[in-house]
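Colleague: Pasting the sequence and the predicted model now:
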Amino acid sequence: MLNLLRPPAPQAAIAPEKTAATYRRLRWQVFIGIFAGYAAYYLVRKNFSLAMPYLLEMGFSKADLGLAFSFNATAYGLSKFLMGGISDRSNARLFLPLGLLLSAAATIVAGTAIGQYNITVMAVFQFLIGWFGGMGWPPCGRVMTHWFSVKERGTKMAVWNLAHNVGGGLLGQVIKWGLLFAASLGVSSMAWQFGIFYFPAAIAIVIALIALLLIRDNPQSKGLPGIEDYKQDYPPNYSTDSERVLTTKEIFFKYVLTNRTLWLVAVANAFVYCVRYGVQDWTPTYFAEVKHYSPETIANAYSYYEWAAIPGTLLCGYVSDKLFKGRRAATTILFMVLVAAAIVVYWLSPFGRAVDMVAFAAIGFFIYGPVMLIGVHALDLSPKNAAGTSAGLTGFFGYFIGTSLLANIVMGQVIEHCGWAYSFQLLIGCCAIAIVLMLFTTNRKRTMNDER
């Protein structure tokens, strides 16, 4: 399998007069491929949260469902780190579609096995879906570094990062279409399995094949020069020592484990992720059980939450760069205050469905900015050759502690045994803790390179 996934060998250089036109065409092509491919991963990752209202009717408790769902985030965090190492030595053109096909297959089997569900079976399927889902980001990162130079990569990455909001937003609509299609076929007994599991997985399979046709691993495999030579764009202060690989001991003990600010950011990230997924994963159940909204309304709300994140993330980046002059902590604090305000409105508003939808979308609008900025903050706090480990630390805290433990297990227990009101208090408390932790980082303006 590893030999099959091996990166393609460099090809003979094409004629110089064809280089510019070929580069322009292939850069657009691979960008569309990784954008569509990564968006499709979100059609087969969070389906379980939209199936929760139906599973509750089957007799499962919220605590049990939260426990089973926690395996998705745990596997995703581990896979994103471990499969990333394999991806660095693999052909992105094959690696991304392979993970998407495996995710779709696991989703189809999970929908088929509904009748045999118990907590163990659900946990196994969630682990598999999370693990295969973790194969999406690393090949996209590989493609970006090979096809886009340093000075343009930030902008291109910001646009590409919106793929998960596009995919997450489409999930609600795709499920709604699937439910309507199943109803038109008269498949009433298993319409929700078809709409939530089979239909999104089928679309993901089609997109995986499209991604396979569009993506190319690196320019040299198409007879093109490397992106740095083509753009004459090299990292600032570039030298041979910049490429020196740090030892494991240096990375962990000199730049990561001893970096107090990085630890504060990582812990804050856990509480930001608890808010992000605590709201997103449990809202379908809350809307169905408390508000008595229809499946179509819930699917629309799910889309609004994700799509609102697109302008919200772009606004957060603009505020961070222009208003706060790169001060990530200050921007994160501002947006988390606004998230907390939106949660209060979402929880206590007596004005009906329209305000519920707006407040829910507002949470999505404001929460994704801090999610993005904390990742950037982590990179700011370490030298280049320790950046991956720094980002991995914040990601681990976000997915394992924030999502798996807090948003899934703890939220499930709180909702089951204490009620929905306490779950909202938990979310507001997480906002407050994240704000306090980020306050401690506001005076740390220097990166680890500056301190060294």
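Modeller: Looks like it arrived, so ask away. Quick caveat: nothing in here was measured; it's all calculated off a predicted structure. Residues are numbered from 1 along each chain as shown.
Colleague: Every contact and neighbour count from this point should use C-alpha atoms.
Modeller: Fine.
Colleague: Helices along the stretch 201-350 of the chain, start to end?
Modeller: 227-231, 248-249, 260-286, 295-318, 328-348 (DSSP state H, counting those that start in this stretch).
Colleague: which ones are touching Thr283?
Modeller: By Cα atoms under 8 Å, 6 or more residues apart in numbering, the contact set of Thr283 is empty.
Colleague: I'd like to know how far it sits from Ile363.
Modeller: Using Cα to Cα, to the nearest Å, Thr283 is found at 12 Å from Ile363.
Colleague: Could you pull out the buried residues of the one helix or strand Phe31 maps to?
Modeller: In this assignment (DSSP states H and E), Phe31 forms part of helix 16-41. For helix 16-41, a neighbour-count test (16 or more other Cα atoms under 10 Å) marks 23, 26-27, 29-41 as buried.
Colleague: Tell me, domain by domain, which residues of the protein belong where.
Modeller: Domain assignment for the chain by automatic domain parsing gives 15-225, 250-443.
Colleague: export those domains to a markdown table and tack on mean pLDDT and distance to Leu4?
Modeller: Output for those, formatted as a markdown table (pLDDT from 0 to 100; distance: least, Cα to Cα, whole Å):
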| stretch | mean pLDDT | distance to Leu4 |
| --- | --- | --- |
| domain 15-225 | 85 | 9 |
| domain 250-443 | 84 | 26 |
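Colleague: Turn those into a markdown table, including distance to Gln232.
Modeller: Below are these laid out as a markdown table (distance: least, Cα to Cα, whole Å):
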| stretch | distance to Gln232 |
| --- | --- |
| domain 15-225 | 9 |
| domain 250-443 | 20 |
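Colleague: can you tell which of the ones you listed is closest to Lys231?
Modeller: Proximity to Lys231 (Cα to Cα) singles out domain 15-225 among the domains of the chain, at 6.9 Å.
Colleague: What's the end-to-end length of that closest one?
Modeller: Taking Cα to Cα, domain 15-225 runs 11 Å from one end to the other.
Colleague: Return the most buried member of the helices of the stretch 201-350 of the chain.
Modeller: helix 260-286 (a mean of 24; mean count of other Cα atoms under 10 Å).
Colleague: got the angle between that one and helix 328-348?
Modeller: Using axes from the mean of the first three to the mean of the last three Cα atoms, to 10 degrees, the inter-axis angle of helix 260-286 relative to helix 328-348 is 20 degrees.
Colleague: tilt between helix 260-286 and helix 295-318?
Modeller: 160 degrees.
Colleague: And helix 260-286, how far out from the chain middle?
Modeller: Taking the mean of its C-alpha atoms, helix 260-286 sits 12 Å from the chain's own mean (Cα atoms, centre = their mean, to the nearest Å).
Colleague: again, but for stretch 412-425
Modeller: Worked out by Cα atoms, centre = their mean, stretch 412-425 lies 25 Å from the chain centre.
Colleague: cool, and stretch 19-30?
Modeller: From the chain centre to the centre of stretch 19-30 is a distance of 27 Å (Cα atoms, centre = their mean).
Colleague: Show me what that stretch is in contact with.
Modeller: By Cα under 8 Å, 6+ apart, stretch 19-30 touches 143, 147-148, 214-216, 219, 224.
Colleague: Mind doing that once more with 7 Å?
Modeller: 147, 214-216, 224 (Cα atoms under 7 Å, 6 or more residues apart in numbering).
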